[in-house]
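In: sequence below, structure please.
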Amino acid sequence: MGALAPERLIQLGLLAAALALTGLGFAVAFFARKSQSQRDSTMSTISAFIEKDASPSFVCTADGEVLRANAAARQAYATRRGETLAGTLRNTFANPGGILFRLKNQAEIDGAAREDIVTRKGHMRLAVHEMEDDTLLWRLESAPDTGQGRGADGPGLPMLMVGRTGAILYMNESARKLVGSRAKTLESVFDQVPLKIGAVTPLTTSQGPVEVLVTKVDAGAGRRAFYLLPPPEEMEKGGAWASLEDLPVPLVRFSPDGEVRSFNRSASDLIGAALKKGENISDLMAGLGRPIADWLEETVSGRAVQQSEFLRLSRSDKEMFVQVVLNRMHDDGEVSIVGVLADATELKTLEAQFVQSQKMQAIGQLAGGVAHDFNNLLTAISGHCDLLLLRHDQGDPDYSDLVQINQNANRAAALVGQLLAFSRKQTLRPEELDLRDTMSDLTHLLNRLVGEKVTLTLSHDPVLKPIRADKRQLEQVLMNLVVNARDAMPDGGEIQIETECMTLAEPLERDRVSVPAGDYVCLRVVDRGVGISPDKLQKVFEPFYTTKKTGEGTGLGLSTAYGIVKQTGGFIFVDSTLGQGTCFSIMFPVLEVTTPKAVAPKVAKPMAEPKHGDGVILLVEDEAPVRAFASRALRLRGYTVLEADSAEAALKTLEDATLNVDLFVTDVVMPGKDGPSWVREALQERPDVRVVFVSGYAEDRLSDQQREIPNSVFLPKPFSLNDLAETVHQQLH
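Out: Here you go, the predicted structure:
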């Protein structure tokens with residue numbers, strides 16, 4: 001018995017496992033049936049709800065498969081379960097697949113969507129609503145009758161649908177009556193073809209004068225709708241504005257002074273609840289750059305040079321732009337202005353991207369030019385100040401004044417550096433960085449910046465990977481963000497700085513930027529301050545834009561941070577909610593570190609400390625004040641200095657073969673030959689001479705040419721006496 005006990009235990013264990021698996025299977029099946037039962041119950045409820053609806057309604061999967069169709073849908077389309085909605089509607093819409101895809105994507109964002117579509121049978125409204133279990137409820141209904149259907153009766157508005165080539169695809173009954181026959185091309189209907197979208201153009205048909213309103217129906221297919229309006233005198237007699245009420249084109253009628261007299265449903269949907277009779281157009285939209293009343297007056301008098309303008313709607317919920325075309329008309333014996341509106345938000349977004357890129361380029365060119373001239377002046381100011389400080393000790397009454405001059409010159413240099421940072425033209429010194437070490441070194445300074453009422457907390461990812469960036473510039477970014485966070489909390493609070501490693505499996509599309517897939521280190525600066533309003537959020541990275549009071553900010557802090565991050569190869573985003581706070585997120589690509597091969601350590605030989613004053617220097621600088629300071633500074637250190645005010649003068653000096661020169665110190669950009677050009681020419685005869693390039697421009701103006709010149713270094717302006725002397729010393733020794 002003792003020998004059988006283990007086998008018996010194994011059998012009992014297997015039996016228990018089998019029973020457990022069987023029970024688990026029953027449980028899974030039970031819950032699956034229960035879940036399916038709940039779904040069936042929900043579907044039955046929805047089906048019962050829509051069954052009596054007079055409009056065709058469909059319940060479909062996310063892929064478009066029809067799960068349920070009400071009686072109206074079954075009667076109108078003879079649809080069957082399992083058929084796709086696009087297939088069901090193929091005889092109703094010209095491109096049902098594209099329409100359904102567009103509405104489905106919009107519903108995924110807003111939960112619901114709808115669109116008025118012109119068909120051969122008139123206007124149809126297609127609406128979709130998201131439901132549980134990833135199903136969609138689609139509903140078709142006829143848009144309010146405008147007399148555009150094939151069998152429409154009465155004085156409906158005549159309408160033609162026209163293709164890209166000008167061929168008439170469809171004419172409703174009213175249009176055929178007005179024209180007198182079924183036409184095939186626009187040229188056979190009008191004496192001239194109107195092409196301006198949104199404008200009301202007076203034309204002549206074989207039956208008499210009409211006014212034609214042209215609108216886009218499907219921009220991709222190039223289809224347009226032509227609405228034929230009675231001439232102004234007929235509009236005045238019959239009050240024909242009523243026929244425009246249900247057009248799928250936003251229309252608003254104003255008095256000559258801009259007061260809203262009437263509008264149609266499409267205009268109400270576009271402008272929002274603020275559109276009411278008696279409101280003034282100036283309160284509904286803005287951005288013309290001059291009083292809108294002047295534009296209205298010019299339209300009434302017929303002096304308007306430009307009928308179409310882009311304006312920004314005064315909506316508080318979101319930023320929207322409209323293209324407005326004004327047309328003068330007569331109604332009930334009075335002059336009115338009809339505005340034809342079109343949603344231009346997407347167009348203005350693309351335009352904003354282009355303008356921003358142009359602004360970046362213009363600021364970059366401006367900053368580069370300003371930096372060159374300004375840095376020459378600052379070099380002379382700070383340099384001669386350094387020379388004066390050499391002759392005054394701290395007990396001298398002039399010493400404090402000289403220090404103030406020197407400090408303010410450095411502040412001016414930092415301001416130019418900020419301009420260069422925004423335009424991404426400053427000189428970076430990238431190195432491998434661990435953000436934990438960088439933050440540790442910066443914490444003391446940041447705590448002093450935020451003051452006593454604000455608490456600064458740090459949170460690091462325990463396995464933070466290295467990045468490649470300029471440590472000094474990265475510290476500038478952090479200080480700018482922390483100072484802004486502090487200013488957003490005048491009553492105090494907490495600023496959180498977080499670091500996190502993250503991996504993007506696929507590109508991230510955000511704020512008109514595509515972040516490639518890969519590994520990133522994310523740095524976040526979070527505050528619980530006043531927040532930024534949505535209309536200002538898109539402008540925070542623009543140069544000189546600030547929400548602070550006059551004198552409290554230059555508007556360069558965030559633009560500087562933006563420029564540094566972008567030049568480093570990173571990405572910066574901002575999220576903010578009014579009254580809740582703001583979060584700036586910076587994503588840096590992870591530095592791929594390769595394991596270096598083992599190299600035997602070299603034994604450093606002791607070197608004697610070199611002495612200043614050994615060597616002959618040829619100084620080439622076209623700016624006289626800079627040349628005067630540099631030559632005096634180098635002579636004070638004991639060097640022999642030869643001066644030249646141009647590249648040509650330098651080459652003339654070097655024609656003396658007996659002249660021994662150890663180092664060239666030359667400006668990069670000069671009239672005539674530039675620095676690299678004359679240096680390459682001089683090195684053909686003197687290949688062992690070392691070179692120091694100086695420039696008020698960024699180093700990237702030189703880098704490609706500098707690589708071709710051996711034993712050369714770059715010293716950016718403005719430089720101090722010690723900077724110049726130390727650079728020369730390193731090159732000579």
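
In: report the helix or strand with the lowest average pLDDT across the chain.
Out: helix 232-238 (a mean of 48; mean pLDDT, DSSP states H and E).

In: and Gly339, how far from Ala630?
Out: Gly339 sits 66 Å away from Ala630, going by C-beta to C-beta, to the nearest Å. C-beta: built from backbone N, CA, C; applies to glycine.

In: which residues touch Val525?
Out: Val525 is in contact with 478, 481-482, 485, 495-497, 583-584, counting by C-beta atoms under 8 Å, 6 or more residues apart in numbering.

In: among those residues, which are located in helices?
Out: Taking DSSP state H as the definition of helices, the contacts of Val525 contribute 478, 481-482, 485.

In: which among these gets closest to Ala86?
Out: Checking the ones in helices among the contacts of Val525 against Ala86 by C-beta to C-beta gives Leu481 as the nearest, at 49.2 Å.

In: any weak-confidence spans in the stretch 201-350 of the chain?
Out: Applying pLDDT under 70 to the stretch 201-350 of the chain flags residues 207, 216-222, 230-248, 304-307, 330-333, 349-350.

In: which stretches in it count as helices?
Out: For the stretch 201-350 of the chain, applying DSSP state H, counting those that start in this stretch gives helices covering 232-238, 265-271, 281-284, 292-301, 345-390.

In: check which helices and strands the second one sits against.
Out: So the one you mean is helix 265-271. Helices and strands touching helix 265-271, by 3 or more C-beta pairs under 8 Å, 6 or more residues apart in numbering; DSSP states H and E, are strand 251-254, strand 334-343.

In: pull up the pairing partners for the longest one, direction included.
Out: Spelled out, that is strand 334-343. Using DSSP bridges, the strands paired with strand 334-343 are strand 251-254 (antiparallel), strand 321-331 (antiparallel).

In: pick the most buried one from the ones you listed.
Out: Ranked by average neighbour count under the criterion mean count of other C-beta atoms under 10 Å, the strands paired with strand 334-343 are headed by strand 251-254 at a mean of 23.

In: please save the CA atoms from that strand in CSV.
Out: The C-alpha trace of strand 251-254 is given here as CSV (Å, rounded to 0.1, in the frame of the first residue of the first chain):
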residue,chain,number,x,y,z
LEU,A,251,-26.0,81.7,-45.8
VAL,A,252,-26.5,84.8,-43.7
ARG,A,253,-28.4,87.9,-44.7
PHE,A,254,-27.2,91.2,-43.1
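
In: which residues are contacting it?
Out: 241, 244, 260-264, 266-267, 271, 275, 281, 296, 329, 331, 336-341.

In: which one of the ones in helices among the contacts of Val525 is nearest Ser559?
Out: Leu481 (12.4 Å).

In: how close does the closest one get to Glu475?
Out: 11 Å.

In: and these two? which has more neighbours close in?
Out: Higher neighbour count among Leu481 and Glu475: Leu481, with 25 against 17, using other C-beta atoms under 10 Å.

In: contacting residues for the more buried one?
Out: Contacts for Leu481 were tallied using C-beta under 8 Å, 6+ apart; they are 525, 558, 561, 584.

In: most widely separated two among those residues?
Out: Val525 and Leu558 (11.3 Å).

In: so what's Ser142 bridging to?
Out: Met124.

In: tell me the predicted confidence for it.
Out: For Ser142, the pLDDT comes out at 71.

In: so it sits against His123, correct?
Out: Yes - between Ser142 and His123 there is a contact at 6.9 Å, judged by C-beta atoms under 8 Å.

In: so the two - more neighbours on which side?
Out: Counting neighbours by other C-beta under 10 Å for Ser142 and for His123 shows that His123 has the greater number, 20 against 13.

In: which per-residue confidence value corresponds to that one?
Out: Looking at His123, its pLDDT reads 71.

In: please apply the same query to Asp575.
Out: Note on Asp575: pLDDT of 91.
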